[in-house]
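Asks: I would like to see how this sequence folds:
(chains A and B)
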Protein chains: 2
Amino acid sequence: MPISKQQIRDLRRLQQKKFREQEQAFLIEGVRLCEEALTAGAPLECAFFTPQEMGNPRSRDLLQAFSDAGVPLQPVDAATLAALTETQSPQGITALVRTSGAGPFSPAANREPLVLAIDRLADPGNLGTLMRTAQWFGVRTLLLSRDSVELHNPKVVRSSMGALFRLRVHENVDLVHAAAEAKAAGWRLLAAEAAAGRSARQLTGSGRDLLFIGSEAHGLKSGLDPLIDLRITIPGSSGVESLNAAIAAGILLYQLTAPQ
Amino acid sequence: MPISKQQIRDLRRLQQKKFREQEQAFLIEGVRLCEEALTAGAPLECAFFTPQEMGNPRSRDLLQAFSDAGVPLQPVDAATLAALTETQSPQGITALVRTSGAGPFSPAANREPLVLAIDRLADPGNLGTLMRTAQWFGVRTLLLSRDSVELHNPKVVRSSMGALFRLRVHENVDLVHAAAEAKAAGWRLLAAEAAAGRSARQLTGSGRDLLFIGSEAHGLKSGLDPLIDLRITIPGSSGVESLNAAIAAGILLYQLTAPQ
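Replies: Just a heads-up that it's a prediction; the model follows:
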C-alpha cells in the first residue's frame, strides 16, 4: 500500500521538536545512520526509500539487513523522500525510530566508572560531537540537562554519528538534584573550568566520576557550583577565553581514562 | 558621505568566496569579533554600524576603540546592515578586514616547537574550532591545504572566535611539498591515525614537530603518507570509527604540549 498523504504529513511534523516529543519518535537520514541504528539495535519502526537511489551494493545490503531484522520497508518517490528529509543528500533512505527514553538516572545503582553530565549546551553540533567522543572513550551513560539542546534535533543526530544509539542518555535531567544524589552515593563530582582549577594533567580517574560539562558562554548553573568536588582547568597559554565544550570534554575524557 | 548603492553591492559580493579571494578582504560580524580583530591588530579597513544598536557600554567602547585606532566608522541603517551581514544578530556592527596572506611557509627558518598542518578539512566549524584550540595550546603557525575549506568562510571566521587574527595561517599550501621540505630541515612529521598507530599517551614533543590533521572521511592525502615519521592513535574502546578531527587535534596538542 503506498504511503498516504496523511502519513507524509505526520512524518513531516517530526521535523519539529514539539511533535518529536509528543510522538516519541524521530527520523534518521542516510545510509550510514541507518546502518548504525540497525547495528545498535535501535527501535526502528519503518524505513522509506527511493529504489532508484538504492542500487549500489552498500545500499542493497542495508535494505537486506532491514528486511532480515523485520523492519517494514516502504518505497517512495523522490519528491516524497525530499519532503520527509532535511539533508541535501539523504542517500535515498530515511527511517523512523522510536525514542524509548532511558528512565531516571540512579547514581546509587550505577556502577560505571565515568558518567558525563551536560549542562545548558545549546549547540547541536557540539552535543553530537560530544556524544561521539564519549562513546570513543567508553562512556556508557550521559545526563542531559533540561535546558540543553534537544537530543533528537536532526543536527545532533547527524553529528553524533550513531553514538546516539549506543549511549544511554537521560534527558531533561534536573542536574542539581542528580548531583546531590550522586554525591550522597559516593560519586566524585568534577567540572571543567576555564581558569584557576586544578591542572588536568594531574587528574586520574577515581572509578566513580561524574564529569560536568557546561556551556562555554554560561558555565555551570549556579546550584551546581557548591556541589562540585574538583574543578579542572586544561592548561593553555594565551588569550583565548575558553576551549569549545566538546574539545574540553574530549581532553578530560582522554585524561580520566588513562590507565594508572 | 552616506554609503552608496555601489559600495553596498561591492561589500555584499564578499559573501562569495570568489570575491573574497579577488578583493583579498572579508567582513566580520558582531561586537566580539570586532573587538578580537582590533586587539589582535588585524588590518581593519572600515566599520559599518547602526547607531541605535550601539548604545550599550560595550558597543560604545568598541566604537571608541575603532576611532582611537583610526578605523573609519560608517553609520548605516538597519536594512543596509542586514544586507551586508549573514548572522541573525550581527549586534549592530560589521567591519571590513583585509587579508594580508602569510606568504610561503619556510620550515628551515621557522623555530616554533609545534606547527599544525590541515589536510582536506571540509567542515568550516571544524576548522574554526581547530584554530581556536591551536591558539589555546600556544600554536602560532598553521598550514592549510589547497583542498580544505576556505579560511575566510564566514562560519570559519565565527567559530574561530578571533583565533583567525592571532594565528599565522599559510593558505593553499601544497602539503606534500611542505612536508618534504620540513623533513629535510629536521622536523618530525606526525599524523593522527584512527587505529594501529603509536598510542598518544606515550607521545612527547620533540621541539620541532609538524602535526598533520586529515579529514575524518578521507585521512591524509596519499602523497603525504610515506613522509610521516610517526603515526599516532588516540586510545579508544569501542565501535566508533574515528574521532572528530578537531577533537583529535585538541587531544594531540594537549599531549604534545605537556611539560617534560
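Asks: is stretch A:243-259 anywhere near chain B?
Replies: Yes - judged by CB under 8 Å from any CB of the partner chain, stretch A:243-259 and chain B are in contact via A:243-244, A:246-247, A:250-251, A:254, A:257-258. In this view, the C-beta of every residue, glycine as well, is placed from N, C-alpha and C.
Asks: what average pLDDT does that stretch get?
Replies: Here stretch A:243-259 scores 95 as its mean pLDDT.
Asks: then stretch A:214-221?
Replies: Rounded mean pLDDT across stretch A:214-221 is 78.
Asks: gap between stretch A:164-180 and the chain center?
Replies: Computed by CA atoms, centre = their mean, to the nearest Å, the chain-centroid distance of stretch A:164-180 equals 11 Å.
Asks: identify all contacting residues around it.
Replies: A:36-37, A:40-42, A:101-105, A:107, A:117, A:119, A:128, A:131, A:134-135, A:139-146, A:151, A:156-157, A:189, A:210, A:212, A:221, A:223-224, A:227, B:238-239 (CB atoms under 8 Å, 6 or more residues apart in numbering or on different chains).
Asks: whichever strand or helix holds A:Ala248 packs against which elements?
Replies: For A:Ala248, the host element (DSSP states H and E) is helix A:245-256. The helices and strands touching helix A:245-256, judged by 3 or more CB pairs under 8 Å, 6 or more residues apart in numbering or on different chains; DSSP states H and E, are strand A:114-118, helix A:124-136, strand A:188-192, strand A:209-213, helix B:124-136, helix B:245-256.
Asks: which of the residues of stretch A:243-259 next to chain B sits closest to A:Thr50?
Replies: Closest approach between the residues of stretch A:243-259 next to chain B and A:Thr50, by CB to CB: A:Ala246, at 33.9 Å.
Asks: which residues does the closest residue to A:Arg120 other than its chain neighbours bridge with?
Replies: Nearest in space to A:Arg120, with sequence neighbours left out and distances taken as CB to CB, 6 or more residues apart in numbering or on different chains, is A:Ser215 at 4.5 Å. When assigned by DSSP bridges, A:Ser215 has beta-bridge partners A:Gly219.
Asks: picking that back up, out of the contacts of stretch A:164-180, which end up buried?
Replies: A:36-37, A:42, A:102, A:105, A:107, A:117, A:119, A:128, A:131, A:134-135, A:139-145, A:151, A:156-157, A:189, A:210, A:212, A:221, A:224, A:227 (16 or more other CB atoms under 10 Å in any protein chain shown).
Asks: could you pull out the helices for the stretch 151-260 of chain A?
Replies: A:154-160, A:163-166, A:175-184, A:245-256 (DSSP state H, counting those that start in this stretch).
Asks: contact partners of the last one?
Replies: Outside helix A:245-256, the residues that touch it by CB under 8 Å, 6+ apart are A:114, A:116, A:121, A:123, A:126, A:129-130, A:133-134, A:136-137, A:139, A:190, A:192, A:200-201, A:203-205, A:209, A:211, A:213-216, A:232, A:234, A:242-243, B:129, B:133, B:200, B:234, B:243-244, B:246-247, B:250-251, B:254.
Asks: tell me, how many residues neighbour the residue nearest to A:Ile251 when sequence neighbours are not counted?
Replies: Leaving aside its sequence neighbours, A:Ile251 sits nearest to B:Tyr254 (CB to CB, 6+ apart; 4.9 Å). A count of nearby residues for B:Tyr254, using other CB atoms under 10 Å in any protein chain shown, gives 25.
Asks: from B:Ile234, how far off is B:Tyr254?
Replies: 10 Å (CB to CB, to the nearest Å).
Asks: before we move on, what about A:Pro107?
Replies: 29 Å.
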